[in-house]
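Undergrad: Return atomic coordinates for the entry below.
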Amino acid sequence: MEIQKSKCKVCGSENIIFDSSRGEYLCQNCGAVLEDYVIDLSQEWRAFSSEQLERRARTGSPLSIVKHDKGLSTQVGKGTAELYKVPTEKRFQYYRLTQWSKRLSTSKDRNISYALSELQRIVSSLQLPKTVLERAAMYYEQLISRGAIRGRSLEGIIASLVYYAAKELHTPRTFDEIAEVVGIDKRELGRVYRYVARELGLRILPADARDFIPRFCSLINVSEKVQKRALELLEQAEKAGIVSGKGPTGIAAAVIFIASLLEGERRTQREIAEKCKLTEVTIRNRYKEIVERLGLENIIKEKEAELEKEETIEKKIEKKEEKVIIPLIKKKEEKKEEKKIGKKEKKKEKKVKKKKSKKVKK
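TA: Have a look, this model is predicted:
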């Protein structure tokens, strides 16, 4: 295994190799030993599959900030299901051990474990990445070390930390979404958020509309062309100074609405408002401002006229198809019914003939 170290002290060559069998760094040019008795920190065993790797490993899982004990402590039993794996004569003893293991944990550990489990629930329900979970857990630990949680709603603090961490890592969620998942009033959440930001010295910055566009596009189910056009329109709106002082979600929704019109994938304002959990009024107001300032009135009118023409043509084609296809379908159905009736009549005739033949035999 070749490892580049420094230059050779003898000849100045950079062609240096590492001899793993001897634990030495050698110059391949002149043969000088630059360093010997090097400790090999790599594993001394091999594994050819993931299962073999886990089985042969002699270390535990890495430290995790998401766990209240960083993953270092042990626990007796993982639930009531483990109780039935123990022999009947030792079940009472096992149950007592599980109870004592819970009692020996401090109130701080219990608080942290409950808070982190609630944090995981919120993050998973909001479909946020693991990085948001770890960042929020780090902030929660800082609050506990400062003693800033006492007397405050635990759910509100966790929700505010998730809101800030998601915004900081460019995967923002709105106050309404987080309040709905946690079950807290929006005003209460805002009050706790300001308190947490003050205690941790966090800068309360408005979310960027650019971070909302990919998620809104996936919710509305539009193509990448629309998303790309929406980002271009947002850049133009920022240069024109339309974005400042406006809600980022409203701007993002309005830009997507305009882009869907321009790219021929029109979505209604009501549809966008329902999917993005906004009101039609906010989208309409932002839409008017952006269109007027960027001078897109004529282009949008032309696009709307083209889309209306396409829709009328499609409707005409559908009507023609209905006139031609529906009668054919009806004829096919009538023929099927006639065949069924004919089959039934034939069956009846056969039955009558059988009865007559039986009577003649008698």
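
Undergrad: From T282, how far out is the residue nearest in space to the middle of the chain?
TA: Closest to where the C-alpha atoms of the chain average out (Cα atoms, centre = their mean) is Q127, at 3.6 Å. From Q127 across to T282, the span is 24 Å (Cβ to Cβ, to the nearest Å). To be clear about C-beta, it is placed using only N, CA and C from the backbone, and glycine gets the same treatment.

Undergrad: and if you look at A32?
TA: With Cβ to Cβ as the criterion, A32 and T282 are 74 Å apart.

Undergrad: More neighbours: those two, which one.
TA: T282 (19 against 15; other Cβ atoms under 10 Å).

Undergrad: how about the helices in the stretch 1-150 of the chain?
TA: Using DSSP state H, counting those that start in this stretch, the helices of the stretch 1-150 of the chain run over residues 50-56, 91-103, 107-125, 130-146.

Undergrad: Reformat these as JSON lines; add distance to P214.
TA: Converted to JSON lines, the helices of the stretch 1-150 of the chain look like this (distance: least, Cβ to Cβ, whole Å):
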{"stretch": "helix 50-56", "distance to P214": "33"}
{"stretch": "helix 91-103", "distance to P214": "44"}
{"stretch": "helix 107-125", "distance to P214": "18"}
{"stretch": "helix 130-146", "distance to P214": "16"}
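
Undergrad: Pick out the shakiest of those, pLDDT-wise.
TA: Mean pLDDT is lowest for helix 91-103 out of the helices of the stretch 1-150 of the chain, coming in at a mean of 75.

Undergrad: related to what we said a few turns ago, ok, the residue nearest to the centre of the chain - contacts?
TA: Under the criterion of Cβ atoms under 8 Å, 6 or more residues apart in numbering, the contact list for Q127 is empty.

Undergrad: re the thing from before, and among the helices of the stretch 1-150 of the chain, the most buried is which?
TA: Across the helices of the stretch 1-150 of the chain, averaging neighbours per residue (mean count of other Cβ atoms under 10 Å) puts helix 130-146 on top, at a mean of 17.

Undergrad: So for the helix or strand just after it, what gets flagged as buried?
TA: Going down the chain from helix 130-146, the next helix or strand is helix 154-168, by DSSP states H and E. The neighbour-count check on helix 154-168 (16 or more other Cβ atoms under 10 Å) flags 155-168 as buried.

Undergrad: Switch the residues you listed over to JSON lines; also include distance to N298 and pLDDT.
TA: Formatted as JSON lines, these follow (distance: Cβ to Cβ, whole Å; pLDDT from 0 to 100):
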{"residue": "E155", "distance to N298": "51", "pLDDT": "88"}
{"residue": "G156", "distance to N298": "49", "pLDDT": "89"}
{"residue": "I157", "distance to N298": "51", "pLDDT": "91"}
{"residue": "I158", "distance to N298": "50", "pLDDT": "91"}
{"residue": "A159", "distance to N298": "46", "pLDDT": "91"}
{"residue": "S160", "distance to N298": "46", "pLDDT": "91"}
{"residue": "L161", "distance to N298": "48", "pLDDT": "92"}
{"residue": "V162", "distance to N298": "44", "pLDDT": "92"}
{"residue": "Y163", "distance to N298": "41", "pLDDT": "91"}
{"residue": "Y164", "distance to N298": "43", "pLDDT": "91"}
{"residue": "A165", "distance to N298": "44", "pLDDT": "91"}
{"residue": "A166", "distance to N298": "39", "pLDDT": "91"}
{"residue": "K167", "distance to N298": "37", "pLDDT": "90"}
{"residue": "E168", "distance to N298": "41", "pLDDT": "89"}
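
Undergrad: May I see the residues you listed arranged in TSV, with distance to S21 as well?
TA: Formatted as TSV, the buried residues of helix 154-168 follow (distance: Cβ to Cβ, whole Å):
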residue	distance to S21
E155	60
G156	61
I157	57
I158	54
A159	58
S160	57
L161	52
V162	53
Y163	56
Y164	53
A165	49
A166	51
K167	54
E168	49
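
Undergrad: give me the number of residues near G183?
TA: Residues near G183, counting by other Cβ under 10 Å, number 8.

Undergrad: so what's K78 scoring on pLDDT?
TA: 64.

Undergrad: Likewise for the one 5 residues further on?
TA: In this prediction, L83 carries a pLDDT score of 68.

Undergrad: Against I300, how distant is L233?
TA: 12 Å.

Undergrad: what touches both of those two?
TA: By Cβ under 8 Å, 6+ apart, L233 and I300 have these common neighbours: I258.
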